[in-house]
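>>> for reference, the sequence and a predicted model appear below.
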2 protein chains.
Amino acid sequence: MELTTPEPLHMECGRFSSVLSSIGDKWTVMIVLTLTGRPRRFNEMKRVVGGISQQMLARTLRALERDGMLTRTVHPTVPPQVEYALTDLSRSLAGPIRQLGTWAGAHIDRIEGNRSAFDAARAAA
Amino acid sequence: MELTTPEPLHMECGRFSSVLSSIGDKWTVMIVLTLTGRPRRFNEMKRVVGGISQQMLARTLRALERDGMLTRTVHPTVPPQVEYALTDLSRSLAGPIRQLGTWAGAHIDRIEGNRSAFDAARAAA
DNA sequence: CGGTATCCGACCTGATACTG
DNA sequence: CAGTATCAGGTCGGATACCG
């Protein structure tokens, strides 16, 4: 047991993995970003996000709602209207997400270059 | 096209998705955390991480190496020794990751509570 | 020791069709 | 409009066996 790299880090990691995998999945961050500024309705989001299937949008929204990351408000009109909006919880995530986005923006070119170089080296071998 | 939520955000998101999904996958963050402080050898990491299969460790290490997030150094000894170490790139990611970890630590209890409440409500219905 | 190859089940994702 | 149901393909992740 190394005191310099204590085990608790890994235990935390285990607890946090569900949060990290949410952030890492294909649509979550994009959907949350789409809701910054103002609430959106289902098909409105489908159009704005672009490329997402109806099912994946429904699933992702349900998962976020379950986590308390957004609210689902049904307006009993005809045709039915359902609005999705961010919560305090998801808004508090904006800061860390932005940090990550900034990092990605600063390093994505390098990363893609690294990938190309790695693949080229492998192809040569 | 809304000027309040400009499209470029989504285009960035598309470019960054490969980075986000790396962070979100099951083992990447844990492996990177394991390497903070000092380099590690293959089976050493397998023991420390715990629960990871040999194949997934190899795959994840290869993906990280491809991105330039770690170096792979082979010492031509018998038996062979291979050391993995962080790079400047992966070390620069430590800050944003820590932010995210802090956020997760602060809110994980609430999130898990939300999930339980949501599931209970669904089960009742 | 440090991998790669193969197989397999589970899950993720999308397309399509259908419902209130 | 806002979903759910069903099916099909692909990917993820682990177990096992084998190689240098």
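Okay, I see it. Numbering: from 1, shown residues only, chains lettered A, B, ... in the order given.
>>> going by C-alpha atoms from here, please, whenever you check contacts or count neighbours.
Noted.
>>> which element is the residue nearest the centre of chain A on?
Closest residue to the average C-alpha location of chain A: A:V29 at 2.5 Å, with CA atoms, centre = their mean. Using DSSP states H and E, A:V29 maps to helix A:28-35.
>>> that helix - what's its average pLDDT?
Across helix A:28-35, pLDDT averages out at 92.
>>> got the angle between the longest helix seen in chain A and helix B:94-124?
In chain A, with assignment by DSSP state H, the single longest helix is helix A:94-124. Counting by axes from the mean of the first three to the mean of the last three CA atoms, to 10 degrees, helix A:94-124 points 110 degrees away from the direction of helix B:94-124.
>>> buried set for helix A:94-124?
A:96-97, A:99-101, A:103-104, A:107-108, A:111, A:114-115, A:118 (16 or more other CA atoms under 10 Å in any protein chain shown).
>>> can you check stretch A:63-79 too?
A:63-72.
>>> quick check, nearest of the residues you listed to DNA strand C?
Taking CA to the nearest atom of the strand as the measure, DNA strand C lies nearest A:A63 of those, at 10.7 Å.
>>> how about the helix or strand harbouring the closest one against chain B, any contact?
Per DSSP H and E: A:A63 is located in helix A:54-66. Yes: among the residues of helix A:54-66, A:R66 lie within reach of chain B under CA under 8 Å from any CA of the partner chain.
>>> ok, residues contacting the helix or strand following that helix?
Remark: after helix A:54-66, the chain's next helix or strand is strand A:70-75, criterion DSSP H and E. With contacts defined as CA atoms under 8 Å, 6 or more residues apart in numbering or on different chains, strand A:70-75 is touched by A:61, A:64-65, A:80-87, A:90.
>>> just the buried ones from the residues you listed, in PyMOL syntax?
With 16+ other CA under 10 Å as the criterion, this PyMOL line picks the buried residues out of those:
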select buried, chain A and resi 61+64+65+82+84+85+86+90
